[in-house]
Each structure stands twice: as structure tokens, then as C-alpha cells.
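> pasting the sequence and the predicted model now:
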Amino acid sequence: MRVHVKVCGIRDAATALVAVEAGADALGFVMSESVRRVTPAEASVIAARLPRSVERVAVFRRPHPEELEAALGTLGPWLVQADHDAVGDAPGMRLLPVYRESSGIELAIEADLARRGGARFHYEGSRSGSGEVVDWLRAHHLGRLGQMTLAGGLTPDNVGEAIRVARPFGVDVSSGVESRPGVKDPGLIREFVAAVRDTERGAA
């Protein structure tokens, strides 16, 4: 089992290249209110230095249609990550819908994925970017509904156990590889990706 790894909250090219060299599959650029926020133009400049194989993800929460349209006009056909009930199915847009741990979320995910005809989704705690760990056993059951990227409070120390319990398609990390809010630590990024790959090999 190979686990898809996304490092989110990228703000500069040096950090982006560290993540790619460590083995990340995707990088997330936050475009909603956050200490990690970048503009679409800034993200585009950073992304231009990345290999084509690396997935670029524009991360929103509840964007206005005009905001989303303007961003995609700059970024092109990037994957858009946003709250599942905040963004419609715009032609040509690839959406990674976000669901947060809450009562009854299982039914919402199942119904929404069936309506969209999609498989991938993002699952995290109730507050984005807060480091809130979700119930991994519950996530394991949700992962049967599609290709789930697990987020929320993942670190180099706990991501192996999270993978063993939740069995996700992918993992997403942001605050868990930061030395302070909004500042990525290259060493922690490398440790995180290495912990994921070790777990894949059954070495951790």
C-alpha cells in the first residue's frame, strides 16, 4: 500500500522543494484566511519550480465564486480543496471536498460522493489548521466510502499509527511539521514523509 502524502501550507519555494525531495506527492497552497495564506500569483510562482508529477492543490474553505474563478484563472487546472457544501460543480474544476468530524458525517459523505460521482475526499477535525486529531477508527470506516485523505493533528510521531488504524488513501500534514504557526521545519517534513514510507514497508 502506497500512501499519498500532501504537505499543506506551503509559502515559499525552498520549503516546496524540500517537501518534493522528501517524497511528497502533493503540495497545498492555502488561499483562505490563515497564517499560511498565499496569493494565487505567489503560489503560481512557487509551483512553476516543481516537477509536473507533483499535484498542486489550491486550498480554500468557503470561497466566493468570484474569488475561486479569479484564482483558477491564475493557477489553471489545479485540484481545488474546499468545504464540500461550499463549492458547486463548475465545469472542468477538479474538487477535493472537505468533510469535518461531526455527528452524522458518514451519511453526508456517502450521499455527496454518490451525487458528485467522485471518490477522493479530505477528512479532518472540526477546525481546519488547528492540529485537532480525529477519531482514527471512525476514519477507518469512512475510508471505505472512497479515497480518503486523512488530516488533523498528524505529526512524524503519530502518522504511522494513524495509517495502521485508519488505512487512508492519503495523509495531509501542515502544523505537524512546523516550528511555529505558518513556518515549516525542513527536518520535520523529512521525518514525516520518512515515517509514512517506513509504515508502508512495515518497518514502523
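Thanks, I have the structure now. Residues are numbered from 1 along each chain as shown.
> pLDDT weak spots in this protein?
89-92, 129, 203-204 (pLDDT under 70).
> please enumerate the helices of it.
Along the chain, the segments classed as helices by DSSP state H run 13-22, 40-47, 65-75, 105-116, 136-142, 159-166, 186-200.
> now the fifth one - C-alpha only, CSV.
This means helix 136-142. Output of helix 136-142 as CSV, limited to C-alpha atoms (Å, rounded to 0.1, in the frame of the first residue of the first chain):
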residue,chain,number,x,y,z
TRP,A,136,-8.9,7.2,13.5
LEU,A,137,-11.1,4.2,14.0
ARG,A,138,-14.1,6.2,12.7
ALA,A,139,-11.9,7.4,9.9
HIS,A,140,-11.2,3.8,9.0
HIS,A,141,-14.9,3.2,8.4
LEU,A,142,-15.2,6.4,6.4
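> now it: buried residues?
For helix 136-142, burial by neighbour count (16 or more other C-beta atoms under 10 Å) applies to 136, 139-140, 142. (Glycine included, C-beta is placed from N, CA and C.)
> let me have the residues you listed in a markdown table, extended by distance to G125.
Rendered in a markdown table, the data for those read as follows (distance: C-beta to C-beta, whole Å):
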| residue | distance to G125 |
| --- | --- |
| W136 | 11 |
| A139 | 11 |
| H140 | 16 |
| L142 | 13 |
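> so which pair among those residues is furthest apart in space?
W136 and L142 (10.2 Å; C-beta to C-beta).
> among the buried residues of helix 136-142, which one sits closest to V159?
W136 (10.7 Å).
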